[in-house]
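Novice: one predicted model, sequence on top.
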Amino acid sequence: MTGIMTGAVSGRLDGRTAVVTGGGSGIGRATVERFVAEGASVLLADLAEAAAAVAAEIDPSGERVVFQRTDVGSAEQVEAAFAAAVDRFGRCDIAVNNAGVIAGGPIHADGADEDFERLWQICVAGVWYGCRAALSHMRPRGGGVILNTASSAALWPTPGAPAYGLAKAAVVHLTRSLALAYGPDGVRVNAVVPGPARTAIFAAAGTADDGLEARYAAKTALGRMIDPEEVAAAFAYLASDDARSVTGAALQVDAGYRPSTA
């Protein structure tokens with residue numbers, strides 16, 4: 001997709017500003033595109049320098065989408081990204097803590113501890129840092145919306161990759177805890193729980209397995225993988241006033257994924 005979409009959606013996010021981590025590809029990119037289409041301005045935070053070109057492709061004017069290279073495993077860099085959004089756009093209304101990795105094997109495997117530490121730093125600490133940075137800007141203004149990307153791995157056993165499931169379950173728990181803690185400050189906190197999605201991360205995980213997508217699709221009620229745009233639509237809903245009474249939710253967007261069905 002190139003350029004800002006026009007006339008496609010309702011403009012529910014007019015005048016709002018968002019930070020989206022991992023915004024250069026997959027679910028993150030789709031979310032940036034959807035938010036811009038609905039009227040938001042977005043700071044696209046991503047570790048990959050190539051994401052600068054993605055930001056320019058989505059918004060050639062550079063007025064509504066700006067890129068900041070960000071390692072979510074660094075608290076300082078995450079805080080700098082949120083500060084940059086406020087400097088550029090004057091406020092931060094929405095945070096989407098989306099950046100993540102898929103890694104890890106059985107707990108007895110060589111390198112299991114290294115995989116665990118990497119997953120925890122990016123998928124858990126990175127979300128923690130993003131939530132904390134968002135709250136530092138939202139609470140003084142009287143509210144905001146924090147959205148976190150979890151995974152169906154948070155809800156179902158992951159015997160082949162227990163570290164990944166553990167990390168994503170932690171994201172769901174953190175989301176629910178912060179929703180209760182900061183609701184009185186006007187901050188809503190929710191998670192989206194995607195099932196198997198057609199993203200570069202998923203494709204990389206199955207590089208040597210041509211049948212991986214078909215097997216995952218067979219484990220869903222709808223018999224298919226999900227597209228990043230479907231997850232982005234859920235984020236747009238949760239970010240909008242349509243979801244003004246929704247907090248502490250873990251919204252499944254998974255085509256009815258149930259590992260036990262196959």
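Specialist: All right, it came through fine.
Novice: how about the strands in the stretch 101-250 of the chain?
Specialist: 144-149, 187-194, 250-253 (DSSP state E, counting those that start in this stretch).
Novice: paired strands for the last one, with orientation please.
Specialist: Using DSSP bridges, the strands paired with strand 250-253 are strand 187-194 (parallel).
Novice: put the alpha carbons of the strand it pairs with into CSV.
Specialist: Extracted C-alpha coordinates of strand 187-194, given in CSV (Å, rounded to 0.1, in the frame of the first residue of the first chain):
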residue,chain,number,x,y,z
VAL,A,187,-6.1,5.5,30.8
ARG,A,188,-7.6,2.4,29.1
VAL,A,189,-5.2,-0.6,28.6
ASN,A,190,-6.1,-3.5,26.3
ALA,A,191,-4.3,-6.2,24.4
VAL,A,192,-5.0,-7.8,21.0
VAL,A,193,-4.4,-11.5,20.8
PRO,A,194,-3.6,-12.4,17.2
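Novice: now the angle between strand 144-149 and that strand, please.
Specialist: With axes from the mean of the first three to the mean of the last three CA atoms, to 10 degrees defining the directions, strand 187-194 sits at 20 degrees from strand 144-149.
Novice: and the closest residue to Arg244 other than its chain neighbours, what does it touch?
Specialist: Once flanking residues are discounted, Arg244 sits nearest to Arg188: 7.6 Å by CB to CB, 6 or more residues apart in numbering. Quick note: C-beta positions are derived from backbone N, CA and C, even for glycine. By CB atoms under 8 Å, 6 or more residues apart in numbering, Arg188 lies in contact with 143-146, 179, 238, 243-244, 246-247.
Novice: quick check: phi and psi on the residue nearest to Arg64 when sequence neighbours are not counted?
Specialist: Distance criterion CB to CB, 6+ apart; nearest residue to Arg64, sequence neighbours excluded, is Ser41 at 4.7 Å. Here is the backbone geometry of Ser41 (degrees, to the nearest 10): phi -100, psi 140.
Novice: Ile58 is in contact with Ser41, correct?
Specialist: No: look at Ser41 against Ile58 with CB atoms under 8 Å: they stay out of range, at 11.4 Å.
Novice: what sits in contact with each of those two?
Specialist: With CB under 8 Å, 6+ apart, Ser41 and Ile58 have common neighbours Val65.
Novice: contacts only, for the residue nearest to the spatial centre of the chain.
Specialist: Taking CA atoms, centre = their mean, the centroid of the chain lies closest to Asn98, which sits 2.3 Å from it. Residues in contact with Asn98 (CB under 8 Å, 6+ apart) are 20-23, 27-28, 31, 148-149.
Novice: and the two most separated of those?
Specialist: Taking CB to CB, the two most distant members of those are Gly23 and Asn148; they sit 14.3 Å apart.
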